[in-house]
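1. Have a look; sequence and predicted model below, questions after that.
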Amino acid sequence: VTQITWPEGKRVAASFTFDVDAESAWLAMDPANADRPGVLSQAIYGPKVGVPLILDVLARHGVKGSFFIPGINVELYPDTVEAIVDAGHEIGLHGYTHTPPATLTRDEESEELDRAYTLLTGAGGNVTGYRSPSWDVSPHTLDLLEAKGLLYASQFMDDLRPYRHAGRRLVELPIQWILDDWPHFAWYAGDSARTIRSTQEVETIWTEEFDGIRHLNGSYILTMHPQVIGRPSRVALLDRFIGYVSSHDDVWITTCAEIAAHADAQLPATVGVQA
Ligand SMILES: [Zn+2]
């Protein structure tokens, strides 16, 4: 097992990531939502209100984030994507329609990837990474990402630090539901089994995970959604939490693309053996 060494004596890498799903996730979940403007309005809040508030917080802290954007949102929300790119943040692939790859044929998944890649690179981003919609990867996803020449994916839950996928060049930046705002905060009519957690609860969870990953010299990839984290109380949580992470001078806060490039340079290019 190759132990990653972080740059300049840093002991942990951290990346703040945002999945700019807008309505796409709701339409992929249930096409009938197309006729439910009330349901969709909670998704529209993301690009309309959430993203500007998030960009303000990141700018105040001087932090560059990674924004994973379904291709269709480059068409629907060009100004939002432009604001993200202009602020110097990374943009990464997140499907075209946000349909979970596991529910697509290989050809459909490949077409989604191609279409999204063309749109995102056209929006001015240097696109090297991918995160599958709903983290529901198909048996073909890694092959397709590799064929596209992508450097990394951020969608598997089997480690605490970057690794190279077996027999591939592709680097993985592991994530987990515990470090996602959706399971803690998202609530919608018809899903009454869920409970909206307080920001204090989530701050505790995210802080304890950060402390643990820092202790283990891992990578801390926090996944958020502008329609979820973009509420005022949660933007305040994000503000406090970035402040907490930044207060450690041994933390390398950067984009997923930078973490992946660093890992790629360190991990052996072994074939058939997981590094
Ligand atoms: Zn998503």
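-> Okay, I see it.

2. Helices of the stretch 101-250 of the chain, start to end?
-> Remark: helices assigned in the stretch 101-250 of the chain by DSSP state H, counting those that start in this stretch are 106-122, 141-147, 181-185, 199-215, 226-229, 232-246.

3. any idea how far the fourth one is from the chain center?
-> Just to be clear, that refers to helix 199-215. What separates the centre of helix 199-215 from the centre of its chain is 18 Å, taken as C-alpha atoms, centre = their mean, to the nearest Å.

4. what comes into contact with that helix?
-> By C-beta atoms under 8 Å, 6 or more residues apart in numbering, the surrounding residues in contact with helix 199-215 are 11-12, 14, 160, 178-179, 181, 184-185, 219-220, 222, 233-234, 236-237, 240-241, 244-245, 248, 250-251. For every residue, glycine as well, the C-beta is placed using N, CA and C.

5. again with the fifth one
-> Outside helix 226-229, the residues that touch it by C-beta under 8 Å, 6+ apart are 18, 20-22, 42-47, 50-51, 54, 181-182, 185-186, 234-235, 237-238.

6. switch the cut-off to 6 Å
-> Under the criterion C-beta atoms under 6 Å, 6 or more residues apart in numbering, residues 18, 20, 43, 45-46, 50-51, 54, 181-182, 185-186, 238 lie in contact with helix 226-229.

7. Can you tell me which of those residues has the most neighbours?
-> Phe18 (28 neighbours; other C-beta atoms under 10 Å).

8. Quick check: which element contains that residue?
-> Here Phe18, judged by DSSP states H and E, is contained in strand 12-19.

9. Now the element after that strand, going C-ward?
-> Sequence-wise, the next helix or strand downstream of strand 12-19 (DSSP H and E) is helix 24-29.

10. okay, that next one in PDB with CA atoms only?
-> C-alpha atoms of helix 24-29 as PDB (Å, rounded to 0.1, in the frame of the first residue of the first chain):
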ATOM      1  CA  SER A  24     -31.900  17.400 -13.000                       C
ATOM      2  CA  ALA A  25     -31.700  15.100 -10.000                       C
ATOM      3  CA  TRP A  26     -35.500  15.400  -9.400                       C
ATOM      4  CA  LEU A  27     -36.400  14.800 -13.000                       C
ATOM      5  CA  ALA A  28     -34.100  11.800 -13.100                       C
ATOM      6  CA  MET A  29     -35.700  10.500  -9.900                       C
END
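
11. by contact count, what packs against it?
-> Using 3 or more C-beta pairs under 6 Å, 6 or more residues apart in numbering; DSSP states H and E as the contact test, no helix or strand touches helix 24-29.
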